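Undergrad: Got a sequence here, can you model it:
(one chain, ligands or ions: 2)
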Amino acid sequence: MLRSAIQQSLRRGTGSSASQLNSRNFSSSTPHRKVAVLGAAGGIGQSLSLLMKLNPLVSQLSLYDIAGTPGVAADVSHINTRSQVMGYVGEDQLGKALEGCDLVIIPAGVPRKPGMTRDDLFNINAGIVKGLCTAISKYCPNALVNMISNPVNSTVPIASEVFKKSGTYDERRLFGVTTLDVVRAKTFYAGKANVNVAEVNVPVVGGHAGITILPLFSQATPQANILSDEVLTALTKRTQDGGTEVVEAKAGKGSATLSMAYAGALFADACLKGLNGVPDVVECSFVQSNITELPFFASKVRLGKNGVEEVLGLGALSVYEKQGLEALLPELKSSIEKGIKFANQS
Ligand SMILES: NC(=O)C1=CN([C@@H]2O[C@H](COP(=O)(O)OP(=O)(O)OC[C@H]3O[C@@H](n4cnc5c(N)ncnc54)[C@H](O)[C@@H]3O)[C@@H](O)[C@H]2O)C=CC1
Ligand SMILES: O=C([O-])CC(=O)C(=O)O
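TA: Numbering: from 1, shown residues only. Ligands and ions are numbered 1, 2, ... in the order given. Presented below is the predicted three-dimensional model:
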């Protein structure tokens, strides 16, 4: 839907009035949906705000940051699509930004520089996420939360503890966004398997950092060409190191923003479809889970009117993937515990 909305908007160009676009982009039965982007003036936030403005499922787009949002909101608001855009700046306005939200997307926080791990962002981002989730529990406790801020393996457990403390936790509504891992796995697989990237599907499970990212190429579709073990190992490693590849290429100017905004917009669109009752919406996400011994784990998840409808199992794994799963558990466990500890001691 997102892709076709972008294509339709671009095709129509400047000739259409907002009301014409509105009537073509969504039917009168499309529910009202308020979506907030927290960190909207940042590298991811700006592009994600643009993409959410193009999504006809959004009726109100609330852009919040500690600085710079009035400009971003004014800019995006001129695009002639359905949603009304509001910009909010500074903590005083956070409540207004969140009130009545159906979905809150969080790309607020510092990005990596070369030589850093995602866990090196913990000291700054843990506090940011904790503050934002405290406000969510107060102003929109029923919203779905899409956590982009790193380290996702810890920020999602932090959010869960904040919500538990405020008595608003519903595990079905909290998602760590791992869609960029899936986007990368699809792109890299299509290149090696020489298949049409638009048809490719690859589940990615585990977490969102280094070896905790486990693409399941044995389950990739279409399985058009047999890939050697050597190629599968290289594909796995490239997917796991995809973030670092971008951080190094940007050479100190941040991490993935454009591909992340695309991935974030895809995942948000899936959440909105689920809320609206579209059947069989399945995406990978880092959620509360009992498919392994860990309390949070990324896997395929069926989305519905209340968020997570079903956490799907891992399916059959190759020997190589089983080894990868065993290897990732200790690191993921310790990142989860670090987040839980932080939320409960500070
Ligand atoms: N889950 C994933 O796959 C990915 C996650 N990320 C993570 O996303 C985060 C953001 O990355 P970028 O957009 O590149 O960073 P950025 O520095 O360009 O933007 C971050 C924005 O957050 C804002 N911010 C800081 N504190 C805030 C607060 N308390 N409330 C609201 N906004 C606040 C900043 O003012 C800034 O505009 C980083 O933690 C990064 O590691 C990045 C790429 C992929
Ligand atoms: O690598 C980073 O720091 C940002 C990120 O999570 C990604 O690109 O996957």
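Undergrad: quick one: the residue lying closest to Leu266 once chain neighbours are set aside and Gly264, what's the gap?
TA: Spatially, and ignoring its direct neighbours in sequence, Leu266 is nearest to Thr179 (5.6 Å; CB to CB, 6 or more residues apart in numbering). C-betas here are computed from N, CA, C, even on glycine. When distance is defined by CB to CB, to the nearest Å, Thr179 is 7 Å away from Gly264.
Undergrad: One more: Ile44?
TA: 7 Å.
Undergrad: Between those two, which has more neighbouring residues?
TA: For Ile44 versus Gly264, neighbours defined as other CB atoms under 10 Å are more numerous around Ile44 (29 against 25).
Undergrad: Just the pLDDT at the more buried one, thanks.
TA: With respect to pLDDT, Ile44 scores 98.
Undergrad: Ramachandran angles for it?
TA: phi -70, psi -50 (degrees, to the nearest 10).
Undergrad: Which residues are in contact with it?
TA: 107, 148, 257, 260-261, 264 (CB atoms under 8 Å, 6 or more residues apart in numbering).
Undergrad: Among those, which lie within helices?
TA: 260-261, 264 (DSSP state H).
Undergrad: What is the nearest of these to ligand 1?
TA: Met260 (3.9 Å; CB to the nearest ligand atom).
Undergrad: Without its sequence neighbours, what residue ends up closest to that closest one?
TA: Nearest non-adjacent residue to Met260 (CB to CB, 6+ apart): Ile44, at 4.9 Å.
Undergrad: Against Gly254, how distant is that neighbour?
TA: 9 Å.
Undergrad: Redo the ones in helices among the contacts of Ile44 as CSV? Include distance to Tyr169 and pLDDT.
TA: Below are those laid out as CSV (distance: CB to CB, whole Å; pLDDT from 0 to 100):
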residue, distance to Tyr169, pLDDT
Met260, 26, 98
Ala261, 28, 99
Gly264, 23, 99
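Undergrad: I'd like those residues as TSV, with distance to Ile128 appended.
TA: As requested, the ones in helices among the contacts of Ile44 are arranged in TSV below (distance: CB to CB, whole Å):
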residue	distance to Ile128
Met260	17
Ala261	19
Gly264	17
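Undergrad: Check those one by one and keep those near ligand 1.
TA: Met260 (CB under 6 Å from any ligand atom).
Undergrad: Mind putting the ones in helices among the contacts of Ile44 into TSV with distance to ligand 2?
TA: Shown next, in TSV, are the ones in helices among the contacts of Ile44 (distance: CB to the nearest ligand atom, whole Å):
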residue	distance to ligand 2
Met260	6
Ala261	11
Gly264	11
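Undergrad: which regions of this structure sit below the pLDDT cut-off?
TA: Scanning the chain for pLDDT under 70 picks out 1-28, 225, 346.
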